[in-house]
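Chemist: whatever this is, show me its structure:
(2 chains)
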Amino acid sequence: MTFSFWNRQKRESELEEELQSHLRMAVKDRTDRGETQDEASGAARRELGNIGLIKEVTREMWGWASFERLMQDLRYGLRMLRKSPGFTAIAILTLALGIGANTALFSVVNGVLFNPLPYPHPEQLVWLAESKPNFATGSISFPNFLDWQKSNQTFTSMGLSRGYSYNLTGLGEAEQLRGRLISSGFFGVLGVNPAIGRCFAPGEDAIGAAPLAMISGGLWKRKFGGSSEVLGKSLTLNGKDYTIVGVIPASFDLSLGGFNHIDIYVPIGQWENPLLPKRGAGLGFHGIGRLKPGVTIEQARADMQGVTQGLAAAYPDTDQGIGSAVFSLKQTIVKDLRVFLLVLLAAVGLVLLIACVNVANLMLARSSVRTREFAIRTAMGASQGRLLRQLLTESLLLAFAGGTIGLLLAGWGTKVAIAQLPVTLPRAAEIGLDARVLLFTLAITLACGIFFGLGPALKSARPNLHDTLKEGGRGGSGSRHRAQGVFVVVEMAMALVLLIAAGLMIRSLSALWRVNPGFDSHNVLTFGVALPPAMGRAGSTGIRAALRRVDQELASVPGVQSISLSWAATPIVTDDEDLFWIEGQPKPTSENEMNMALSYVVEENYLNVMRTPLERGRFFTVQDNEHASRVVVVDDVFAKQYFGDQDPIGQHIFLTNKGGRAEIVGVVAHVKQWGLDSDDKEKLRAQLYFPYMQLPDEAMALSWNGTGVMVRYDPKTPAIGESMRAAIKSISSEHVMTSTQTMDSIISDSLATQQVSLILLGAFAALALGLASSGIYGVISYVVEQRTQEIGVRVALGARRIDVLRIVLGTGMSMAALGVLIGLAAAFALTHLMASLLFGVSATDPLTFAAVAILLLGVALAACYIPARRALRVDPIAALRYE
Amino acid sequence: MGPRYQNRIELLQGTLDLLVLETLRWGPQHGYGISQAIRTNSGDILQVDTGSLYPALHRLERQKWITADWKISENKQRVRVYRLTAGGKKQLESERSRWAQVSDAIAGVLNPAKRESEA
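Modeler: Below you'll find the predicted structure:
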């Protein structure tokens, strides 16, 4: 049925005319029968009944009634909302913030957790590692990988890769680029095709193959203007020429650790590392794989178990005890963010609930003002359902206004907020407002509108006509007070849950900050230095000389207090391991039986830089160089683990990759390599320090390409980073300094997840506290107003101030206490969900629970006290005269 | 107040349609006339509630069983006059026979003896 407004108006007036003519005829019949005009018209009206209702029921027969009614409700609703702009603005703003925050967080959860990875058949993709005695997910050696690839039954393909830095020369100023060594089939596993050119062909990743490279879309634009002539050109990386065969699309972003901002991809075989062909070498390679269609992860694990057992039998020397670890790629990418994001989503959901309760409270307060309006509309013939529809229309109008603004806020704010976060979210580029997010927003908007609208609407739509109209508009009702009381209890409970979550985070973070990392992170700078590519052919003597030059130049920079080169390992950021056995114990027959320790290759000033305490013996000196006999320093964990109560000093160990026999000359304190929160839980904690200049020649020959530097500086020196960069450039233009970071920021970054959780949970909890206390304030003010007369009578009868206070505060505090009790129970049930974010505190920490409950009760008491003071000032005479 | 009207409409549903259609069989009539006719013809027993009559008239009109025109009455008033359509006549036949069945059935229930003797 088509709807025409004009037609509708015509029918409306015709209906009116039809009923009026009915009335006139009825009156005429009655006067004809002899009744007076007055009698007749009164009786006829009574007989006709409620004209408004007749019209409404009749209109329904026209068929378009429901749409027409909706339009009418909308018009009326808009008018009512315009009439109280303050209420409307507050309600819409509250909802916009609530819905906006939920939409934003959901879009993050959706993009990171829910959406499949942006590759064909993403469910088939897995992440691969070797499981070793010391590492659940250790690196895969190249020979083992090649055998995995050959012998498995359940994978379509496998790929292997690790990070590597390249010094690019010959194309403008020398620069350090992030690169990856990859196996030939790597991009094929993901199903990523090159923008132009090709990927590496099978066999091109073999040791000794021709040097080829693929570059990123970003580098392609920056250095080659996006020209297709880039194919076949050569690129000078670390002094060696590589032929460019393909360009990876700029959109490629694996979001796996070490895959950010990669510009260069080179076949694995190009790595001139003597350990590469060794089966037992742990060189930081990890793999990806694509399962055959229909194969489950469990089947793949069983298959790989067979493969690794075969290898262990064939190469017991290196592969004994080596298994494989197979995890879904998406899970590996998302990792511990799952709990973090879901906890935040739950918290922001609670905030929205509180916002809804607050708006419901406002609606209720307003509806008691509107009681007369509803009573009159009912008397005029509006049915109860019609009133309910009207009120729901109003609340849905509010909800949708809030939802629309919230959606705009979220759409604009999410990207900005993510960029500000100290946490790097994986898959950040995939976060956005897609259909699922829009549907979510629509659903919560609808739910909000119904949730905060229905309660007050049900209450208002059942007005007691007689009483309300008789009361002459004062319209008070005890049931409003009760309903508001329920709202306050709910708000208190939810606020308590959020406060406890925030409190647990505060306790965790303060515990974490109290953890001693084993070094003093203040005023320590770390960065990388790469020597000119020509040094690759300079031999170990030349490299040692060049590194000493770097040492000298940096040490002479004003403000530098001490400096040490540090190869491969930076506490918390990167780790390196060494295999060894102890002199006097039987020599292990295979690498598998050897011991493993975290190793730090550093110089004599390292302890001055890091301020790690020396516990026994001595640290290195300048004399511990290439000409002196090898020495090592171990940490107290190493000493205890391998020597127990014996003094390790003067003992000897054999280092397989560092030239052999070395004497232990000192013991230092343990450094929390694995992070402040998880170091204690790791298996591999023994640490040893090796003098940089005693690195064997083949290792020294590799170190020109990038070594770490740790510097303790005077914080009063301005722009010390720039001075050091200048000092390095002063040696030669081909010396490159990379990625400067302070140790403070490294520690702070390692706690980023906890910090962001704390900031967001704290903000949500503060918001909840504010809303809940304003809620209890409003109710108690109302109670005081309603009971002014009663209080006056009591005071007149001799009640003391304390009695009055007890009445008012008692009402408020019993609501608060009930809310706190419910909140405690809810928190008890819920906080264990966030256990993995906590450190040094149990999820049901009694101290936090008690402190937060007392805090909330205190705030509630303060919120009640203000209206209670008003009650104390009630003048009995005035109160009794009232009315 | 609301539910009272709603109930009455439901009670008279169907029966009221039959009465309206039957009244209009004797010629076009306005709403007031229809209510008066039903009242008179039932010996003042059936009083059609206006709140049921007009919704019923507008519904029957929508179902195209009756049509309506504005006419000038003998009192020189503009009145809305309803007339039975061909479809309405058919509907009336089926409603009548349905009513006959129902009333026979009710009579049968109320006088079981009579039913047996006929059998």
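
Chemist: CA atoms for contacts and neighbours, from now on please.
Modeler: Will do.

Chemist: any idea how far the residue of the stretch 301-450 of chain A found nearest chain B lies from A:Ala457?
Modeler: Minimum separation of the stretch 301-450 of chain A from chain B (Cα to the nearest Cα) falls at A:Ser383, amounting to 5.2 Å. As judged by Cα to Cα, to the nearest Å, A:Ser383 and A:Ala457 stand 13 Å apart.

Chemist: of these two, who's got more company?
Modeler: Taking other Cα atoms under 10 Å in any protein chain shown, A:Ser383 and A:Ala457 do not tie; A:Ala457 has more neighbours (23 against 18).

Chemist: tell me which element the more buried one is part of?
Modeler: helix A:435-460 (DSSP states H and E).

Chemist: pull out the buried residues from that helix.
Modeler: Counting neighbours by 16 or more other Cα atoms under 10 Å in any protein chain shown, one finds that the buried residues in helix A:435-460 are A:437, A:440-442, A:444-446, A:448-460.

Chemist: show me which residues of chain B sit near chain A.
Modeler: Counting by Cα under 8 Å from any Cα of the partner chain, chain B comes close to chain A at B:1-3, B:31-32, B:49-52, B:54-56, B:58-59, B:62, B:77-80.

Chemist: residues contacting the one residue in chain A that gets nearest to chain B?
Modeler: Using Cα to the nearest Cα, A:Thr58 is the residue of chain A that sits closest to chain B, at 4.0 Å. Each residue near A:Thr58 by Cα atoms under 8 Å, 6 or more residues apart in numbering or on different chains is listed here: B:Tyr54, B:Pro55, B:Ala56, B:His58.

Chemist: same thing with A:Leu805?
Modeler: Applying Cα under 8 Å, 6+ apart, we find A:Leu805 in contact with A:Ala868, A:Arg869, A:Ala871, A:Leu872.

Chemist: run the last query once more with 7 Å
Modeler: Listed by Cα atoms under 7 Å, 6 or more residues apart in numbering or on different chains, the contact set of A:Leu805 reads A:Ala868.

Chemist: tell me the SS of it?
Modeler: Classification of A:Leu805 by DSSP: H, G, I helix; E, B strand; the rest coil places it in helix.

Chemist: separation between it and A:Gly294?
Modeler: A:Leu805 is 72 Å from A:Gly294, by Cα to Cα.

Chemist: nearest residue to the residue in chain B that chain A sits nearest to in space, ignoring adjacent ones along the chain?
Modeler: Using Cα to the nearest Cα, B:Pro55 is the residue of chain B that sits closest to chain A, at 4.0 Å. Distance criterion Cα to Cα, 6 or more residues apart in numbering or on different chains; nearest residue to B:Pro55, sequence neighbours excluded, is A:Thr58 at 4.0 Å.

Chemist: parallel or antiparallel, list what pairs with the longest strand anywhere in chain A.
Modeler: Ranked by residue count, the top strand of chain A under DSSP state E comes out as strand A:155-169. If you go by DSSP bridges, strand A:155-169 pairs up with strand A:175-182 (antiparallel), strand A:234-237 (antiparallel), strand A:286-291 (antiparallel).

Chemist: can you give the distance of that strand from its chain's centre?
Modeler: Strand A:155-169 has its C-alpha centroid displaced from the chain centroid by 28 Å (Cα atoms, centre = their mean, to the nearest Å).

Chemist: quick check: mean pLDDT across that strand?
Modeler: Per-residue pLDDT values across strand A:155-169 average out to 88.

Chemist: and stretch A:235-254, how far apart are its ends?
Modeler: OK, stretch A:235-254 end separation, Cα to Cα: 24 Å.

Chemist: now the residue of chain A closest to chain B: which helix or strand?
Modeler: helix A:51-60.

Chemist: centre of the chain versus that helix, how much separation?
Modeler: For helix A:51-60, the distance to the chain centre is 56 Å (Cα atoms, centre = their mean).

Chemist: any idea which residue sits dead centre in chain B?
Modeler: B:Leu19 (2.2 Å; Cα atoms, centre = their mean).

Chemist: separation between that residue and A:Tyr119?
Modeler: To A:Tyr119, B:Leu19 is 72 Å away according to Cα to Cα.

Chemist: could you confirm B:Arg98 falls within a helix?
Modeler: Yes. Checked against three-state DSSP, B:Arg98 lies within a helix.

Chemist: burial of residue 99, as a residue count?
Modeler: Defaulting to chain A. A:Ile99 is flanked by 34 other residues according to other Cα under 10 Å.

Chemist: hm, I was asking about chain B
Modeler: 15.
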